[in-house]
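Enquirer: Everything below, folded, please.
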Amino acid sequence: MWQCIKCGQNNDDRVNICPHCGAARSVGRFASTQGVQTAPASSVSAPYTPDLEHAKDGKLYRLIGLILAILLPAVTLVLAIVKHDAFLSSLYEWLLGSDAADSVPFWCHALYVILSIAVLLIAALPGLWTFGLGKALKRLHRMEELL
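Expert: The predicted structure is shown next:
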């Protein structure tokens, strides 16, 4: 007889997998020294059904992360488009120190586009981090089931 490390049920020595919870029998240093024989599949009383009660863990984090990863860059993009003239003139004035008239050079427009793309990527980070946290929680619970 051997005792399952996961559920504590006593099992026959002929079985390598606990019929109650599906955990594998410990082998190696702390295992029984007797020869182990595998039992035919028909002698197992009930098939193992995993407990997936907490499989939804991390789903809320993934949902919120996905919403944030879409919403925050969208708001930033709308703001960059609507306030284009004000931000561009401020950028030109900040870089050259002179008042921006009607003519802003091309390189200032290119710099504005590059900075806008960088801000969009930075705005997506909180959502991506939250989404990644949800994925990590899901994987953590899968690993707990394997123990």
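
Enquirer: close enough to count as contact, His20 and Cys7?
Expert: Yes. Counting by CB atoms under 8 Å, His20 touches Cys7, with 5.3 Å between them. Quick note: C-beta positions are derived from backbone N, CA and C, even for glycine.

Enquirer: Pick out whichever of these two has more residues nearby.
Expert: The residue with more neighbours, out of His20 and Cys7, is His20; 15 against 12, by other CB atoms under 10 Å.

Enquirer: helix/strand/coil for that one?
Expert: The local conformation at His20, judged by DSSP: H, G, I helix; E, B strand; the rest coil, is coil.

Enquirer: For the spatially closest residue to it that is not a sequence neighbour, give its distance to Pro19.
Expert: Sequence neighbours aside, Gln9 is the residue nearest to His20 in space, at 4.7 Å (criterion: CB to CB, 6 or more residues apart in numbering). Counting by CB to CB, to the nearest Å, the gap from Gln9 to Pro19 is 8 Å.

Enquirer: rewinding a little: now the residue nearest to His20: phi and psi?
Expert: Backbone torsions for Gln9, taken as degrees, to the nearest 10, come to phi -80, psi 140.
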